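**Q** Return atomic coordinates for the entry below.
(one chain, ligands or ions: 1)
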Amino acid sequence: MSTICVHGLGYIGLPTAAMFANYDHDVIGYDTSTEVVTSLEDGEVHFDEPGLRAFVTQALESGNLSVSNEVVPSKYHIICVPTPFDDDAKEADLAYVKSAGKAIEPHLRNGDTVILESTVPPGTTVDVLQPVLEESGLQAGDDFALVHCPETVLPGNIITELQQNNRIIGGVNGVSTQAAVRLYESFVEGEIRTTANATTAEFVKLIQNTFRDTNIALANEIAKLAADYEIDSREAIDLANQHPRVNVHQPGLGVGGHCIPIDPWFLGQNSDLLELIEMARNVNDGMTEYVTEILEDELGSLTEKKIAVLGVAYKGNVGDTRKSPGLKLARELQDDVTADTDVAAADGGSTVDITIHDPHVTDPTLDLRSLEEAVRDADGIVIATGHDEFAELDPQTVRSETNDTFVVDTPAILDDSEWSAAGFDIHQI
Ligand code: SAJ
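**A** Numbers count the residues shown, from 1 in each chain. I've put the predicted structure just below:
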């Protein structure tokens, strides 16, 4: 049983802290927010993740997990703090990583291990975190172990993936790497692969998400080409993927979430060689504009039109709206029409009516409508995320609220023959 202090009780830190506690380690979950700590003490989990509440409750009730606003001396410190993205500079803000290092430094002792799990630009563990920790007078690699061990869990399936995914561990030297391997072996069922180089581990995590982003950009470009050739992109991709070494991803409205649209930029933070990767980012970001053009081709000017955007979560069956393509589309449609309509723009109004609906999102700052209200008399409906609820929509019920409505189904989840039979004109990406 080792004492572990997990820094940052968010999407990754909280499940990680509970996991170690449920595997009989003595864990202190540290967060700078008193609200987070208080709500956890009351048994509340401050974000939505299947199974997490019961998992955290089990850890707290066993006495192995406690939460605190204070750092305590611990054999292991695991840093799971956010690395926010500065959209203008296209850079990671490493302030939280630095302050986690500063919080650990006074408590650091000979023989301790510090593990950075947050996704960071290559070089961060050695160039940013190490100097802060070495203010203690101790040397990384000699006196304490220093490691990058990226998380790779999928939101919506975090607990299972924490346990089952393979892990990459890269320390500043072999001794550091092995110290972290011994710890993660206590619960990881996947393979643990190592490198005695923290920068390699950072780089690997980023290329995993960049692979996905560029692959999705390829799928999106294929979808646009398929539309020009008047063929079904999904059928073409499915057939292409019959080749044993081909795995084209699925097209859609673009890429959201806190990882895939951001991590490719981290790769370029300390290098100016991004080329294909940057282009892929732009292709994915451009998908909302492409859908706007599809709407305009069909409906003409969108002024005075009502468009319903169904799905403002960043992907199907989650409630997270971070970098959501659905929200981006809704905002761009509003802006486009406002900019195009001199009179409306002059008095600050826009004459397009954009309604949004999402059964998974509860954000009170959004003007979310019921399904009926969102689609009633709409000229256009855009299915923006692949929620199961949308796949199960009855076209006849939607038809009873609408007239000659044009539907853009970006995740291609609707049964197009059923919807066409119900009188809808439907376009799938
Ligand atoms: N998307 C497509 N086409 C596809 C697959 C996804 O357009 O074929 C879109 C989704 O709709 C969504 C976005 O991409 O908007 C990202 O969704 P996702 O499910 O691919 O990924 P995330 O952001 O939820 O989680 C990713 C995962 N990374 C990889 O699969 C390589 C996860 O394993 C990482 O842990 C996570 O990022 C992270 O924290 O980095």
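
**Q** shaky segments in this protein?
**A** 1-2, 336-350 (pLDDT under 70).

**Q** can you list the domain ranges for it.
**A** Per automatic domain parsing, the domain ranges recorded for the chain read 3-197, 206-284, 286-428.

**Q** Tabulate those domains (TSV), appending mean neighbour count.
**A** All C-beta spots, glycine's among them, are computed from the backbone N, C-alpha and C. Listed next are these as TSV, based on neighbours: other Cβ atoms under 10 Å:
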stretch	mean neighbour count
domain 3-197	19
domain 206-284	17
domain 286-428	18
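
**Q** Let me have these in TSV, extended by distance to the ligand.
**A** Listed next are these as TSV, based on distance: least, Cβ to the nearest ligand atom, whole Å:
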stretch	distance to the ligand
domain 3-197	4
domain 206-284	3
domain 286-428	4
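
**Q** Which strand or helix spans Gly63?
**A** If you go by DSSP states H and E, Gly63 is not part of any helix or strand.

**Q** Remind me which helix or strand Ile216 belongs to.
**A** Using DSSP H and E, Ile216 sits within helix 198-228.

**Q** how about the helices in the stretch 301-429 of the chain?
**A** Per DSSP state H, counting those that start in this stretch, the stretch 301-429 of the chain carries helices over the ranges 325-340, 342-346, 371-375, 388-391, 395-399, 416-421.

**Q** For Glu202, find the nearest of those helices.
**A** Each of the helices of the stretch 301-429 of the chain has some distance to Glu202 by Cβ to Cβ; the shortest is helix 325-340, at 27.1 Å.

**Q** So what's the gap between the helix holding Ile216 and the chain middle?
**A** 14 Å (Cα atoms, centre = their mean, to the nearest Å).

**Q** For the helix or strand following it, C-alpha coordinates in PDB please.
**A** Helices and strands here follow DSSP H and E; after helix 198-228, the next one along the chain is helix 233-240. Below are the C-alpha coordinates for helix 233-240, written out as PDB (Å, rounded to 0.1, in the frame of the first residue of the first chain):
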ATOM      1  CA  SER A 233     -19.700   8.200 -49.100                       C
ATOM      2  CA  ARG A 234     -20.500   5.700 -46.300                       C
ATOM      3  CA  GLU A 235     -20.900   2.800 -48.700                       C
ATOM      4  CA  ALA A 236     -17.700   3.800 -50.400                       C
ATOM      5  CA  ILE A 237     -15.800   4.000 -47.100                       C
ATOM      6  CA  ASP A 238     -17.200   0.700 -45.900                       C
ATOM      7  CA  LEU A 239     -16.200  -1.000 -49.100                       C
ATOM      8  CA  ALA A 240     -12.700   0.600 -49.000                       C
END
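
**Q** Tell me the helices and strands packed up against the helix or strand just after helix 233-240.
**A** Using DSSP H and E, the helix or strand that directly follows helix 233-240 along the chain is helix 263-267. Here helix 263-267 is seen to pack against strand 91-92, helix 198-228, helix 276-285 when contacts are counted using 3 or more Cβ pairs under 8 Å, 6 or more residues apart in numbering; DSSP states H and E.
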